[in-house]
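Q: Quick one: sequence plus predicted model below, questions after.
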Amino acid sequence: MDSMNVKVSLYQMDSLKGDIRSNLKKAESAAEETAARKNDILMLPEFWTTGFDLPNIKKYSKDELDSIINHISRIAKKYNIAIIGTTPQKFNNKIYNTAFLFDKDGKEVANYNKLHLFRLMDEHKFIEPGRDISVFQTQWGKCGLTICFDLRFPELFRKIAEKNVKIIFIPAYWPEPRLEHWRILLRARAIENQVFIIGCNRCTINQKLKFGFSAVIDPEGKILAEAGTQEILMHAELDVNKIDRTRKKFNLLDNRRKDIY
C-alpha cells in the first residue's frame, strides 16, 4: 500500500456566544492559514458557530441555520480544504447538535447528530438526541464522527472502529474540572481501537472556565500534537497506513471475544 498522509489543522477557538458573524470570520481566517500550509483538513470545536447558547438556541430560524451551513460550504470550496465541526441544525422543528464534514469542493460528505447529550449542562432540555452512528468514506479511508460527551462511551467507538475506520473526529466543548478525563479518554479510545483520534476542544480567552487540550493521538496512543488552554491553530500530519502496521503486529479487534460480548 502506498503511503497515505493527511495534514490536519485544529482551531482551538474561543467561540463567541450568539455572535455567528464573528465566529464565521474567525473560522475563515483559520481556513486561509490551513490552506496556506497546504493542509487537508480544518477542524473546529463543538458549537463553534453559535457558542453553547442553549437557552436561545430555538430562536435561531431554520433559514439562519441553513445559511451557516452554506457559508461553511463556501469557505471549504474557496480554500480547497475539508472542514469539520458542529453547529445547531433544525429538522422538523427539532434542534440537533450536528457534526459535519465538508470536502474541498464544498460538498457535505457526512453529518452526525450527537447521540449522548450532556445533562449536567441541560443539553437534553434543548437538543434532540441523534439515533445513528456516522461512518463515511474519504480519500484517506473510512472516518467517523462523534461529539464531546460521546467520548465517555467506549462501545460507540468500538462500533465505529469495527467498520474499518481510520480516523475518528471529536469536536468538543469540554471544560474543567474534567480536562484530565478528556486527555486520558482520547488516548484510551485510540489505544483500544487502534485508530487515530482527533479531538478539537473549545477554549476561552477572558473567562474563568478553562477549556483546551485539543489533541491528535495515533493508533498506539502517542500524542502527535496537543494544545494548552489558549486559542491556537495547531497542526499535525497523520500516516494513515500506521493503523495497518499497528494491527498487523497486534490486532485487538481480532482478539476480542465476540462469542461473549
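A: Here it is on my side, so go on. Quick caveat, the model's predicted, so the values are computed rather than measured.
Q: okay, CA-based contacts and neighbour counts for the rest of this
A: Noted.
Q: Tell me which residues are up against the lowest-mean-pLDDT helix or strand in the chain.
A: Taking mean pLDDT, DSSP states H and E as the measure, the chain has helix 252-255 as its least confident helix or strand, at a mean of 86. Applying C-alpha atoms under 8 Å, 6 or more residues apart in numbering, the contact partners of helix 252-255 are E162, E192, N193, Q194.
Q: Return that helix as PDB; C-alpha atoms alone will do.
A: Taking C-alpha atoms only, helix 252-255 is exported to PDB below (Å, rounded to 0.1, in the frame of the first residue of the first chain):
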ATOM      1  CA  LEU A 252      -7.000  -6.000  19.300                       C
ATOM      2  CA  LEU A 253     -10.200  -6.200  17.200                       C
ATOM      3  CA  ASP A 254      -9.400  -9.700  16.000                       C
ATOM      4  CA  ASN A 255      -8.600 -10.900  19.600                       C
END
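Q: can you name the two of the contacts of helix 252-255 that are farthest apart?
A: E162 and E192 (11.6 Å; C-alpha to C-alpha).
Q: quick one: which of those two has more around it?
A: E192 (18 against 11; other C-alpha atoms under 10 Å).
Q: where's H124, which helix or strand?
A: helix 123-126 (DSSP states H and E).
Q: Flag every buried residue along that helix.
A: Of all the residues in helix 123-126, those buried under the rule 16 or more other C-alpha atoms under 10 Å are E123, F126.
Q: Could you do stretch 10-22 as well?
A: Buried residues in stretch 10-22 (16+ other C-alpha under 10 Å): L10, Y11, Q12, M13, D14, S15, L16, K17, G18, I20.
Q: export whichever strand or helix holds K26 as PDB, just CAs?
A: Taking DSSP H and E as the definition, K26 sits inside helix 20-36. What follows is helix 20-36 as a C-alpha-only set of coordinates in PDB (Å, rounded to 0.1, in the frame of the first residue of the first chain):
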ATOM      1  CA  ILE A  20     -22.300  33.900  14.400                       C
ATOM      2  CA  ARG A  21     -20.800  36.500  12.100                       C
ATOM      3  CA  SER A  22     -17.600  36.900  14.300                       C
ATOM      4  CA  ASN A  23     -17.300  33.200  14.700                       C
ATOM      5  CA  LEU A  24     -17.500  32.600  10.900                       C
ATOM      6  CA  LYS A  25     -15.000  35.300  10.300                       C
ATOM      7  CA  LYS A  26     -12.500  33.800  12.800                       C
ATOM      8  CA  ALA A  27     -13.000  30.300  11.200                       C
ATOM      9  CA  GLU A  28     -12.400  31.700   7.700                       C
ATOM     10  CA  SER A  29      -9.100  33.200   8.900                       C
ATOM     11  CA  ALA A  30      -8.100  29.800  10.200                       C
ATOM     12  CA  ALA A  31      -9.200  28.200   6.900                       C
ATOM     13  CA  GLU A  32      -6.900  30.700   5.000                       C
ATOM     14  CA  GLU A  33      -3.900  29.700   7.100                       C
ATOM     15  CA  THR A  34      -4.700  26.000   6.800                       C
ATOM     16  CA  ALA A  35      -4.700  26.300   3.000                       C
ATOM     17  CA  ALA A  36      -1.500  28.400   3.100                       C
END
